[in-house]
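Student: just a sequence and a predicted model for now, questions to come.
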Amino acid sequence: QVCIILLSLFYTTTLFASGIWRDSFQSLTEIGRGTLRVFIWEVYDLTLLSETNSFSWQNRFVLEFDYKLELKKDEVIEASIKEMRHQRSVNNQALAKWQKYLERGIEPVEQGTRAAVEWLPEGKIAFHYDDQAPVIIDDELFARSFISIWLGRETSKPELRAALLGRGQ
């Protein structure tokens, strides 16, 4: 009987965690969307949602991912660090610290996994994955650098950035 109660509690908590982050994004406005392609593969579809009709670091916003491929956690972390390394404001000391944040926030994904990265204007970032409670990192420089992988002027994917910012595809 205790086992059944624990299973039902786990199941209820899992359903609650999976639905709550998507529900909280329903009030946000879609700014733009695009697809990350690497060579011939579509890696994920990406949507930028915001409290306003345009992107601003002053407002809460969300990058929502719909994964098209299976990716291992270490692959995602490695790619993230590689992309952040291109930013002028990033140094090796910061990257060493941020790798620990990425270890906490990044999860392996399968095709069909939905995930999101949420910017909170007080300088925090929240990582959301299907069926999991969010992981919140309170480090504004990390949060800005991570999100700048897609939205920063120094991004390696300027066409994707333009699409996310609603400037055409």
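Tutor: Received it, and whenever you're ready, just let me know what you need. Computed from a predicted structure; not experimentally measured. Residues are numbered from 1 along each chain as shown.
Student: now for the residue most central in space within the chain: which residues touch it?
Tutor: Closest residue to the average C-alpha location of the chain: V117 at 2.8 Å, with Cα atoms, centre = their mean. Contacts for V117 were tallied using Cβ atoms under 8 Å, 6 or more residues apart in numbering; they are V62, L63, F65, I125, A126, F127, H128, F146, I147. For glycine as for every other residue, the C-beta is placed from the backbone atoms N, C-alpha and C.
Student: again, but for I106
Tutor: If a contact means Cβ under 8 Å, 6+ apart, then I106 has K73, V76, I77, S80, F127 as its contacts.
Student: again with V62
Tutor: Neighbouring residues of V62 by Cβ under 8 Å, 6+ apart: F25, L28, L48, L49, S50, A116, V117, E118, W119.
Student: now intersect the contacts of V117 with the helices, please.
Tutor: Among these, the ones falling in helices (DSSP state H) are F146, I147.
Student: which of the contacts of V117 sits closest to G166?
Tutor: L63 (13.7 Å; Cβ to Cβ).
Student: can you give me the helices for the protein?
Tutor: Taking DSSP H, the helices of the chain run over residues 2-25, 73-85, 92-105, 140-151, 158-164.
Student: weakest of those helices in terms of mean pLDDT?
Tutor: In terms of average pLDDT, helix 2-25 trails the rest of the helices of the chain, at a mean of 41.
Student: F61: neighbouring residues, count only.
Tutor: Burial of F61 is recorded as 25 neighbouring residues (other Cβ atoms under 10 Å).
Student: sounds good, over and out.
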